[in-house]
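1. model this:
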Amino acid sequence: MPLLFFLFPLTGLYNGIKYFFQSKYRYGLLIFAFWYGYSVFFYSGDVTRYRDDFGALVQYTWDDFSHLVQYLFNENTRFNLLQRNTYNSKPDLYALTLGFLVSRFTENPRWFFAIVSVIYAFIILKFLDEVIRFTGRRDSRPWKLFFTGLVLIVPFYVGVTGVRFWPALFVFAWMLLKYINTGNIRYLFYTVFSVFFHYTFIFPVVVAILAAFLRINRIVFKYMVVIGVFFAVLSSTSNTLDFITNSIKVFESETVSNASASYLDEEQLEKRFEEVKATNWYVQGRVQLLNLFFILFFIFDFFQFNSWNKTVSHPIFDRMYHFFFLITLFTFNLGSMGRFVYVFYLLIFIRILQLQTVDQTQKLKVWNKVFTAVLLFHVIVVFRAGFYTVDPLLLISPSPSLLFFHSDVSLSEFIVGH
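-> Purely as a prediction, here's the structure:
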């Protein structure tokens, strides 16, 4: 069986998903992750920039690497001897360190993506273990909806094409769930490890710590939710957000300030709005539909406009769930800062799974059907985009051949011709 998974990674993926709750099959997922990362099709975006800049890392010495780490937050000194590239341009360590270590052994950037993919898959598996521990149920129909939602909302390919943000997301969620499951405060502070992957995760780390220690009266919080919903609607129809973006300061360092500008700059926000307008209606609409569904579900859940089991609660989880919903309302239209909505997405996925494992009232079943319909809008978009990163040879040829041969077209181009 291990040899079969190694030679034909798709069998490892299939068995890993089918028998997910049997841990002995999970290594099939890691094997598939390795070959997917190694064979990733370089279509466009960050993945091509990391590939193109890998040669610069090959030329680095240990002294160069030490210099970059030592002056991580001092941009002027950091780049007085070395050129800026995709690996060293941001004030976090993961991509730079991993890329440098891989470049000590090979000049082939595909090994970098293979290891990135395995690390990402491993982190997700650890996160899912904590979800299983939290819900206490295995191998049930609600889990199928949970897995489907996770794959469609956090697409399978982003861990390779988005080297820094997505592993940071799941490191944060993994440690946050360990804190929720154990009540051990050290895991709350372990969420800071996500900052080493992507420096902007200092923001959700601070939010999680505030949520853990602040106690807000439920009535006051209800008013805050109403204000947040109003703000979200307002900011969805206007990109004039100077009064907020000008007041947001993450760090004082010039390096981080410059990097933060790319997330909060008004011109970038305007460009983002224009790009959204130019997007196909179903691409734009699926995101709006998903946000609308989650907002409505949270409101019905929080204000208890339902008949499902009101005893399904967990004090620590509920605080995180409520806080990140509130933060989402105020940030999901702030350019790339809106990506932190995915923290809330993961929490609300878990909340839906939590309710389903103990309660199956008619109203909850209706919400499940609506959620399924919402997810259908993501299928075409996600898989079409994802297939641009897949080499067709990954699916039809023995994996060792991927060490020597790669297709000239992506799977998406192979299927539809463009």
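
2. hey, let's count contacts and neighbours off CA atoms from now on
-> Fine.

3. correct me, but N85 touches F54?
-> No. Judged on CA atoms under 8 Å, N85 makes no contact with F54 at a distance of 9.0 Å.

4. the more surrounded of these two?
-> The residue with more neighbours, out of N85 and F54, is F54; 23 against 16, by other CA atoms under 10 Å.

5. now do the same contact list for the more buried one.
-> Contacts for F54 (CA atoms under 8 Å, 6 or more residues apart in numbering) come out as G99, S103, E107, P109.

6. distance-wise, check the last one relative to F405.
-> In this case it means P109. For P109, the distance to F405 equals 15 Å [CA to CA, to the nearest Å].

7. show me which of the two is the more surrounded one.
-> P109 (19 against 11).

8. for the contacts of F54, which one is nearest F156?
-> Using CA to CA, P109 is the member of the contacts of F54 that sits closest to F156, with 20.3 Å.

9. give the contact list for that closest one.
-> Y50, R51, F54, S103.

10. what sits up against stretch 404-418?
-> Identification of contacts with stretch 404-418 by CA under 8 Å, 6+ apart yields S39, F41, Y43, R384, A385, F387, Y388, T389, V390, D391, P392, L393.

11. now those: which count as buried?
-> Buried members of these, scored by 16 or more other CA atoms under 10 Å, are S39, F41, R384, F387, Y388, T389, V390, D391, P392, L393.

12. in contact with the third one, which residues?
-> Meaning R384. Counted by CA under 8 Å, 6+ apart, R384 has contacts S412.

13. for the contacts of P109, give me CSV that also has pLDDT and distance to G136.
-> Shown next, in CSV, are the contacts of P109 (pLDDT from 0 to 100; distance: CA to CA, whole Å):
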residue, pLDDT, distance to G136
Y50, 90, 40
R51, 90, 42
F54, 91, 44
S103, 93, 43
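
14. who wins for neighbours among those residues?
-> For the contacts of P109, the largest neighbour count, defined by other CA under 10 Å, is 23 neighbours, found at F54.

15. distance-wise, check it relative to I219.
-> According to CA to CA, F54 and I219 sit 54 Å apart.

16. what does N76 give?
-> 49 Å.

17. what residues does the spatially most central residue of the chain make contact with?
-> With distances taken as CA atoms, centre = their mean, W166 lies nearest the centre of the chain, 3.6 Å away. Counting by CA under 8 Å, 6+ apart, W166 touches Y120, V158, G159.

18. now do the same for the first one: its pLDDT.
-> We have a pLDDT of 94 for Y120.

19. residues near it, how many?
-> 23.

20. can you pull out the low-pLDDT segments for the protein?
-> For the chain, the stretches with pLDDT under 70 are 1-6, 137-140, 235-285, 305-312, 332-337, 358-363, 417-418.

21. in it, which spans are strands?
-> When secondary structure is read from DSSP state E, the chain shows no strands.

22. quick one, domains of it?
-> 1-41+390-418, 123-387 (automatic domain parsing).

23. can I get the ones you listed in TSV including distance to W62?
-> Shown next, in TSV, are the domains of the chain (distance: least, CA to CA, whole Å):
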stretch	distance to W62
domain 1-41+390-418	25
domain 123-387	20
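
24. out of those domains, which comes closest to Q70?
-> For the domains of the chain, proximity to Q70 was assessed by CA to CA; domain 123-387 is nearest, at 13.2 Å.

25. mind checking how far that closest one is from the chain centre?
-> Between the centre of domain 123-387 and the centre of its chain there are 9 Å (CA atoms, centre = their mean, to the nearest Å).

26. same thing with stretch 100-114?
-> Relative to the chain's own centre, stretch 100-114 is displaced by 23 Å; criterion: CA atoms, centre = their mean.

27. got the CA positions of stretch 19-33 in CSV?
-> C-alpha atoms of stretch 19-33 as CSV (Å, rounded to 0.1, in the frame of the first residue of the first chain):
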residue,chain,number,x,y,z
TYR,A,19,-10.5,6.6,5.5
PHE,A,20,-9.6,9.9,7.0
PHE,A,21,-10.5,8.9,10.6
GLN,A,22,-8.1,5.9,10.4
SER,A,23,-4.7,7.6,10.9
LYS,A,24,-2.7,4.9,9.1
TYR,A,25,-4.1,6.2,5.8
ARG,A,26,-3.2,9.9,6.4
TYR,A,27,0.3,9.5,5.1
GLY,A,28,-1.3,9.0,1.7
LEU,A,29,-2.4,12.7,2.0
LEU,A,30,1.1,13.8,2.8
ILE,A,31,2.6,11.8,-0.1
PHE,A,32,0.1,13.4,-2.5
ALA,A,33,0.9,16.8,-1.0
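
28. report the separation between the nearest residue to I153 once chain neighbours are set aside and A385.
-> Spatial nearest neighbour of I153, excluding adjacent residues (CA to CA, 6 or more residues apart in numbering): H378 at 7.5 Å. The gap separating H378 from A385 is 11 Å, by CA to CA.

29. K24 too?
-> For K24, the distance to A385 - CA to CA - is 31 Å.

30. please apply the same query to F317.
-> F317 is 33 Å from A385, by CA to CA.

31. same question, D63
-> For D63, the distance to A385 under the criterion CA to CA works out to 40 Å.

32. cool, and K144?
-> Separation of K144 from A385 (CA to CA) stands at 22 Å.

33. how many residues are close by S401?
-> Close neighbours of S401, defined as other CA under 10 Å, add up to 12.

34. please renumber the chain so that the first residue is 23 from this point on.
-> Sure thing, new numbering starts at 23, so read that last one as S423.

35. just the helices in the stretch 323-440 of the chain please.
-> Remark: helices assigned in the stretch 323-440 of the chain by DSSP state H, counting those that start in this stretch are 337-353, 363-380, 384-409, 415-418, 433-438.

36. for the last one, list every residue counted as buried.
-> Within helix 433-438, the residues scored as buried using 16+ other CA under 10 Å are L433, S434, E435.

37. over to the first one?
-> For helix 337-353, burial by neighbour count (16+ other CA under 10 Å) applies to 338-353.

38. from these, which is closest to H220?
-> Nearest to H220 among these, with distances taken as CA to CA, is T353, at 17.7 Å.

39. what's stretch 226-239 in contact with?
-> Under the contact criterion CA under 8 Å, 6+ apart, stretch 226-239 has outside partners F194, L210, F211, T213, V214, I338, R341, M342, F345, F346, F362.

40. surely the fourth one meets L198?
-> Yes. Under the criterion of CA under 8 Å, T213 makes contact with L198 at 6.4 Å.

41. much appreciated, bye for now.
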